[in-house]
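**Q** the sequence isn't on hand, but the structure is:
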């Protein structure tokens, strides 16, 4: 008999605990081994029950989800999925939780339509299955040595690459915070980050990256000119495409796109348009994430003479997207997370 995935639910709302339990236990391969009413009780139960995965609320009495996440990761590390509200404040708290060791998050907008509830259930179950049993790669931002700073600031870049487009999903926020701060400010290449994230989160994420990075980071806007030395983050809930005008200028076009496309933003769409705008001068980077979004975009980048990098399995939170790229023979290089920034710089 196949072993079930053992889940601990931590939430101060009795309604939410009941709904989440019902959601999860309707799937034959998942068992809720316990529910906790606050962070303090959650930490105790996590140590006692040793679940495979934990779902964690953020705002709770006695001990909030941020402190509980940090304590669990220090004492008995295991995958923690945050349940977040779709607000700016909810986004900031979620990113704090990811910094403290949580692997991912799911919106807990369960009081709207039945269709929305079904979407939340599918997302939560898919992510629980994806992270259960994965060896946690505990990431800490790498300290840049003084000699590396001097080297990056004095190095002369050939800039054969005009656009670096980075795609990510589950585990992506933490991975990007390990990569982008190490891109030196004298790099005159454009960057576009496409990450599967709700529209309420991408602006806050761009602000967070901007506070960490040497290059300026902002959420992309419709009609905005793409300029070197800047990192744009695709807004969530819509599609971000790159277009050319007057023969050489590249600008951002944001729209709803095909309603049948699963991901908004779609890495495939953004990469494909980038490859067409920067013929032979684009670089695609695929980081941790579920599914295969980005595989076809990387194919077009290679067909148009660009370069491609995929994150390795050992450092991926979920090895779905990189695996799809690697197995299709579309990765020029397969790189661990801690060496990704240096590899991107070397390939510019």
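**A** It's in. Keep in mind that this is a model prediction, so the values were computed, not measured.
**Q** now do the helices in this structure.
**A** Taking DSSP state H as the criterion, the chain carries its helices at 14-25, 39-49, 65-75, 88-99, 114-131, 146-154, 172-179, 199-212, 267-277, 295-303, 321-327, 340-347.
**Q** which elements pack onto the fourth one?
**A** Helices and strands touching helix 88-99, by 3 or more C-beta pairs under 8 Å, 6 or more residues apart in numbering; DSSP states H and E, are helix 65-75, strand 80-84, strand 104-107, helix 172-179, helix 199-212. Backbone N, C-alpha and C define where each C-beta goes, glycine included.
**Q** hmm, 6 Å instead?
**A** Packing partners of helix 88-99 (3 or more C-beta pairs under 6 Å, 6 or more residues apart in numbering; DSSP states H and E): helix 65-75, strand 80-84, helix 199-212.
**Q** quick one: closest of these to residue 53.
**A** For residue 53, the closest of those is strand 80-84, at 6.6 Å, according to C-beta to C-beta.
**Q** tell me the angle the closest one makes with helix 39-49.
**A** 150 degrees (axes from the mean of the first three to the mean of the last three C-alpha atoms, to 10 degrees).
**Q** what lies in contact with strand 80-84?
**A** Residues from elsewhere that reach strand 80-84 (C-beta atoms under 6 Å, 6 or more residues apart in numbering): 54-57, 69, 90, 94, 97, 102, 104-106, 108, 127.
**Q** average pLDDT across that strand?
**A** Mean pLDDT, strand 80-84: 94.
**Q** what about residue 243, how many residues nearby?
**A** 14 (other C-beta atoms under 10 Å).
**Q** which ones are touching it?
**A** Contacts of residue 243 by C-beta under 6 Å, 6+ apart are 251, 253.
**Q** in the stretch 1-150 of the chain, where is pLDDT below threshold?
**A** Residue ranges of the stretch 1-150 of the chain with pLDDT under 70: 1, 109-116, 135-150.
**Q** what ranges of the stretch 151-300 of the chain fall below the confidence cut-off?
**A** Using pLDDT under 70, the stretch 151-300 of the chain drops low at 151-159.
**Q** give the contact list for residue 306.
**A** Shown in contact with residue 306 (C-beta under 6 Å, 6+ apart): 275, 282-283.
**Q** could you do residue 20 as well?
**A** residue 9.
**Q** check the one 3 residues further on too.
**A** With contacts defined as C-beta under 6 Å, 6+ apart, the neighbours of residue 23 are residue 121.
**Q** ok, back up a step: and the contacts of strand 80-84, which is closest to residue 210?
**A** residue 94 (17.4 Å).
**Q** separation between the nearest residue to that closest one once chain neighbours are set aside and residue 198?
**A** With sequence-adjacent residues excluded and distances taken as C-beta to C-beta, 6 or more residues apart in numbering, residue 94 is closest to residue 84, at 4.3 Å. For residue 84, the distance to residue 198 (C-beta to C-beta, to the nearest Å) stands at 9 Å.
**Q** who has more neighbours, the two?
**A** A direct count of neighbours by other C-beta under 10 Å for residue 84 and residue 198 places residue 84 higher, at 27 against 17.
**Q** so what's that one bridging to?
**A** Beta-bridge pairing of residue 84, defined through DSSP bridges, involves residue 107.
**Q** how about residue 34?
**A** Residue 34 has these beta-bridge partners by DSSP bridges: residue 8.
**Q** shouldn't residue 195 be in contact with residue 172?
**A** Yes: judged on C-beta atoms under 6 Å, residue 195 makes contact with residue 172 at a distance of 4.8 Å.
**Q** tell me which of the two has more neighbours.
**A** Per other C-beta under 10 Å, whichever of residue 195 and residue 172 has more neighbours is residue 172, with 26 against 23.
**Q** from residue 106, how far out is that one?
**A** Using C-beta to C-beta, residue 172 is found at 14 Å from residue 106.
**Q** could you list the buried residues of stretch 66-83?
**A** Residues of stretch 66-83 classed as buried: 66-73, 78-83 (neighbour count, 16 or more other C-beta atoms under 10 Å).
**Q** which one of the residues you listed is nearest residue 5?
**A** Ranked by distance to residue 5 (C-beta to C-beta), the buried residues of stretch 66-83 are led by residue 79 at 10.1 Å.
**Q** the residue lying closest to the closest one once chain neighbours are set aside: how many residues sit nearby?
**A** Nearest residue to residue 79, sequence neighbours excluded (C-beta to C-beta, 6+ apart): residue 131, at 4.0 Å. Other residues near residue 131 number 23, with proximity taken as other C-beta under 10 Å.
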